[in-house]
Each structure stands twice: as structure tokens, then as C-alpha cells.
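Undergrad: Coordinates only, no sequence provided:
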Ligand code: SAH
């Protein structure tokens, strides 16, 4: 909308929206009344409607939001009480087209992309709940961020903007199941945003058996794209690796992973499998996961073994889906 307004108006509107978090143009008191009316004629506030909240203050909390067309998404607040840091895990799509075998989000395919407003809206709702902006934002909720590239990048810029939520770029993580063209584009953005890549397997065969995306962009291509990204940006990728009993959790497979990741500096985040109805895999024993972890550590790969927060709530990795909480 071209209106020939002075540039400072944009700053004022940004501040009302993201700083003061108002939900109508009428509340934007330092804007002339005609401008408020003009804005109201052209734009709407797509507030997310909170249908359900589970979990209590200070613990992992999950929100079920209804969008203006009645579609549902989930958002999770993950507190780290000792470090006093809150992470908000947000969704980028309703559903997901990639259908990883172990993930609940993609069991029914993708319904639609979220708009940048709906993506930022999740963080705004979390900010209201927390009484301030969250410390970290991760695109690890429902959907594949690089399948909704433009809206995701627009939302990243708003979240990061000093007049927006002012969340540091390094505090924002985009996670992809391995959409190679997305990684290539992301490398050109010139942003300090973190990139996570969901790998989950040490070789093509295992990856293809649980992640259909591997048929489109095989691991060989994916690793080339990751190497090019690292080279171009000087940024370190975190590889997500969900440990699944007797499938990808042996010490031998850990060694195979070490060989695969030798090419460039990276981190590995090991995630114990969260139970999902549609997948009959199990989480490995603790000792097995420790041995896997130790093998990577011994090879000097910076590794974390994530505890599966929110499992009771069905708010853990891969348990988010577009439906009411049961
Ligand atoms: N589509 C993106 C982001 C969403 S998933 C991606 O694939 O990266 C966030 C992380 O949780 C991914 O690494 C995903 O593979 C993992 N995940 C999915 N289902 C899981 C499950 N049942 N248990 C543990 N991790 C899971």
C-alpha cells in the first residue's frame, strides 16, 4: 500500500504491533485518526485464537491455536529454568508434505502454508504468556520451513528487527528435513540465523527408509549443500539425529556418521525418539544412547544428547499435529 506517509510512521506502527503488542489500530494513539482508519480499511489483525493450553507455568507448555480459517497449529514454550531462558518452538505450515515415518506432523500431508503474520503471531502469543519476548525461537514445530521459504524468511526478519521483537539472529534456528534448494538459498541470505539439518541416519539406505525426502534430495546431495553452506557462511550447522532402537543407534552407525561428518565442522544434537502412534519404533536404552554419544565425542564432534522435554504432554519433537490435544 503506497500512501506517501513519512517513514517514521512505519516505525511507530511496528512499535505498537511488536513492542506494545496492541490488537487494534484504534490503540495506536500517536497515529492521526485518518491514518488509523485507512489502516483498518486495508489490514486485519489475524489474532491467533488459543483453543487449548496444556502444561503449567515454568514447565513445557503447549498451545493449540486456531487460525482465521479454522485450521489448527501447535506452538510450544520450553523453559530452561536454571538458565532462565525460554525457547519457543513454532510451526511454519498446517501439516507437512514430507512424511518422515517417525513424525506425527506429516501423517496427513500439508494443508497450507502459514503467513508471516501467523508465524510471528505464535511468538507474540508466547511473549504475552511469558510477559516478555522469548530468548530463543526455533522453527521445529509443525511443517517444513523451507517449503514455505518466503513467509518464513519474512517472519525471521520481523522477529529479528530492532523495532520488531528484536530477537538476535543467532537466537533463531531454522530446521530443515533436507530441502536442498532451501539450504542453497538460505546460504545467500547473509543472516546470522542458525541452521539445523534433520539427518537421522548415517547412510542413504537407512535415511531413505524413514525419510521420503531422501528420494528427492539424496544424502550425498544434501551433504554437498551443507558443505557449500558452511564454506559460504562460515556458520556451523547442527545435525539433528533422532535415535531409534535397532535402526540407527549402534556404535558402528555412530562411526559411520563420524566418517560422513568429517568433511566440515558441525555439531550433532541427538534426540531420543518420542513415541508417536503411527510409528512402531522405540527409543533406545539410555546406555545405547550414551555409547552413541561417546563415539561422536571421542571423534571430537561437538555433540549434545537432548532430553526429550514435553513427552508427557505430547509436545516433544515430532509429536505436534494439527488437532486437539488428547
Ligand atoms: N521439518 C523440520 C522441522 C520440524 S521437526 C525438520 O524436519 O527439521 C523438528 C525435529 O524433530 C526434526 O529434527 C525432526 O526430525 C524431529 N522429530 C520428528 N519426529 C520425532 C520423534 N518422534 N521423536 C524425536 N524427534 C522427532
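TA: Nice, thanks for sending it over. Since this is a predicted model, take the numbers as computed values, not measurements.
Undergrad: same for the helix or strand bottoming out on mean pLDDT in the chain, what does it pack against?
TA: Across the helices and strands of the chain, mean confidence by mean pLDDT, DSSP states H and E is lowest for strand 49-54: a mean of 88. Here strand 49-54 touches strand 61-66, going by 3 or more CB pairs under 8 Å, 6 or more residues apart in numbering; DSSP states H and E. Quick note: C-beta positions are derived from backbone N, CA and C, even for glycine.
Undergrad: For the most centrally placed residue in the chain, give me its contacts.
TA: Nearest residue to the geometric centre of the chain (CA atoms, centre = their mean): residue 139, 1.2 Å. By CB atoms under 8 Å, 6 or more residues apart in numbering, the contact list for residue 139 reads 90, 92, 145, 152, 172-175.
Undergrad: near the ligand, which residues of this protein show up?
TA: Counting by CB under 6 Å from any ligand atom, the residues of the chain close to the ligand are 100, 102-103, 140, 144, 175-177, 198, 240, 242, 271, 273-274, 276, 317-318.
Undergrad: and if we set it to 5 Å?
TA: Residues of the chain lying near the ligand by CB under 5 Å from any ligand atom: 102-103, 140, 144, 175, 177, 198, 240, 242, 271, 273-274, 276, 317-318.
Undergrad: Of those, which is the nearest to residue 41?
TA: The nearest member of the residues of the chain next to the ligand to residue 41, counting by CB to CB, is residue 144 at 35.1 Å.
Undergrad: Which residues are in contact with that closest one?
TA: 92-93, 96-98, 176-177, 179.
Undergrad: Which of the residues you listed are buried, as a PyMOL select command?
TA: Buried subset of the contacts of residue 144, written as a PyMOL selection, criterion 16 or more other CB atoms under 10 Å:
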select buried, resi 92+93+96+98+176+177+179
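Undergrad: Dump the contacts of residue 144 to CSV, plus pLDDT and distance to residue 205.
TA: Conversion of the contacts of residue 144 to CSV gives the following (pLDDT from 0 to 100; distance: CB to CB, whole Å):
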residue, pLDDT, distance to residue 205
92, 97, 29
93, 97, 28
96, 97, 23
97, 97, 23
98, 97, 18
176, 98, 21
177, 98, 17
179, 98, 21
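Undergrad: Show me which of the contacts of residue 144 is closest to residue 34.
TA: Using CB to CB, the contacts of residue 144 come closest to residue 34 at residue 92, 36.3 Å.
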